[in-house]
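[1] got a sequence here, can you model it:
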Amino acid sequence: MDQAGEFRRGRRRGDATQGLHEEELRIASAALLINAGSIDGKFDSNEKQKVKALLQRSFDLSPDELKRLFQEASAEERDAVDLYRFTKVLCRELDQDGRKRIVEMLWEVVMADGVVDEFESNLVWRVAELIGVSTRDRVILRKMVEARIAG
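    Numbers count the residues shown, from 1 in each chain. Got it, this is the predicted structure:
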């Protein structure tokens, strides 16, 4: 796996400032996953571990890089007034498959504690809408994650 892990395939290429864009993608993805884990008011250890595992796998991060990204994205998420500052980065940097992967990851985080509440479900819906993932794909991705967890 190259430096960006599984998201490299979904990236648009040819940008001279790719390093900056890569960092923006990492922070935006991490901030949304942290938001998904904490939106119900309980960011438990299962959700934190799931977020960290997804980030490590997706971006092929060292432990130090993961720690720094998690801290930076947590601060960005706390300071954000809306989702747009993160979703605009995802729209710019990812193709449709990459965007679907973000929605899949969001479902993985919100299901990590065994309960999907209305705030979590609403967040996934809003992010999917903002990044252009259809309702059909969002529901399919939810069912895929549910089946993976159940099986």
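[2] and whichever strand or helix holds Gly98, how far from the chain's centre?
    Assigned by DSSP states H and E, Gly98 falls within helix 96-110. How far helix 96-110 lies from its chain's middle: 6 Å, per C-alpha atoms, centre = their mean, to the nearest Å.
[3] can you map out the helices along this protein?
    Counting by DSSP state H, residue ranges of the helices within the chain are 18-38, 45-59, 63-79, 84-93, 96-110, 118-131, 135-150.
[4] tabulate the ones you listed in CSV, adding columns for mean pLDDT and mean neighbour count.
    From N, CA and C alone the C-beta is placed, and that goes for glycine too. As requested, these are exported to CSV (pLDDT from 0 to 100; neighbours: other C-beta atoms under 10 Å):
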stretch, mean pLDDT, mean neighbour count
helix 18-38, 93, 21
helix 45-59, 95, 18
helix 63-79, 96, 15
helix 84-93, 96, 18
helix 96-110, 98, 22
helix 118-131, 97, 17
helix 135-150, 97, 14
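[5] relative to helix 118-131, how tilted is the helix holding Gly98?
    Orientation of helix 96-110 against helix 118-131 (axes from the mean of the first three to the mean of the last three C-alpha atoms, to 10 degrees) gives an angle of 170 degrees.
[6] helices and strands around helix 96-110, which ones?
    helix 18-38, helix 45-59, helix 84-93, helix 118-131, helix 135-150 (3 or more C-beta pairs under 8 Å, 6 or more residues apart in numbering; DSSP states H and E).
[7] between the fourth one and helix 135-150, how big is the angle?
    Between helix 118-131 and helix 135-150, the angle comes out at 130 degrees (the same axes, to 10 degrees).
[8] and the pLDDT for the closest residue to Val115 other than its chain neighbours?
    If the residues on either side of it in the chain are set aside, Val115 comes closest to Asp40, at 8.0 Å by C-beta to C-beta, 6 or more residues apart in numbering. Asp40 is assigned a pLDDT of 90 by the prediction.
[9] you'd agree Asp40 is up against Glu120?
    Yes. At 5.7 Å, Asp40 counts as touching Glu120 under the criterion of C-beta atoms under 8 Å.
[10] name the residues contacting each of those two.
    Here Asp40 and Glu120 have no joint contacts, going by C-beta atoms under 8 Å, 6 or more residues apart in numbering.
[11] much appreciated, bye for now.
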